[in-house]
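Peer 1: Okay, sequence plus prediction incoming.
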Amino acid sequence: MMRGLHARRFAALLPLLLCLCAGPLAAAGKDQPAAAAQPAMPAKGLVLRGSLGDQQVQMQLRPKPDEEGGVEGEYFVFGQGRSILLAGEFDQDGFWMEESVNGTNVSGQWEGKREGDLFNGSWRGADDGPPRPFSLRRMNIAPTARPDAGR
């Protein structure tokens, strides 16, 4: 019986406690400059261009349908004819993705950090060779639709 009485008193005081705690927390944040929040991934996606080791590449990324933070896309190496598929996760600070040359097996992994329009990090092939650095810059190019969007 005593336990029920304490629970009711606590339940009655909870809204008051929340109000008292929220005031100082809100006031503490007022002096902080508001950071310009960039969306983790624009709804239409991104086009990135730059270097992977000594090769020039272009990457196109777009949000995965129905998967928060999920990303998919492809990239190509300039001078080579094929696109390499990508899938992974993207957030405010960076991304992690796996690639597949044949659409089935993982052929490499990308891990990078975002600083404004620059994406830097390292790529590692599935053969466990040494990692290669990459540096990509966001381009003001509209991404194309998903290759399978009309099916």
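Peer 2: Alright, I've got the coordinates. Residues are numbered from 1 along each chain as shown.
Peer 1: Show me where this protein has its helices.
Peer 2: Along the chain, counting by DSSP state H, helices occupy 2-30.
Peer 1: Domain map for the chain?
Peer 2: Using automatic domain parsing, the domain ranges for the chain come out as 1-29, 46-139.
Peer 1: Pick the most deeply packed of these.
Peer 2: domain 46-139 (a mean of 15; mean count of other CB atoms under 10 Å). C-beta here means a position set from N, CA and C on the backbone, and glycine is covered the same way.
Peer 1: hang on, the earlier thing: where among the domains of the chain is average confidence lowest?
Peer 2: Mean pLDDT values for the domains of the chain show the minimum at domain 1-29, a mean of 42.
Peer 1: Show me what the closest residue to Leu48 other than its chain neighbours bridges to in the sheet.
Peer 2: Counting by CB to CB, 6 or more residues apart in numbering, the nearest residue to Leu48 once its immediate chain neighbours are dropped is Leu136, at 3.9 Å. Note on Leu136: beta-bridge partners Gly50, Phe119, judged by DSSP bridges.
Peer 1: mind listing the strands for this structure?
Peer 2: With DSSP state E, the ranges of strands along the chain come out as 46-52, 55-63, 70-77, 84-90, 94-100, 108-115, 118-125, 132-139.
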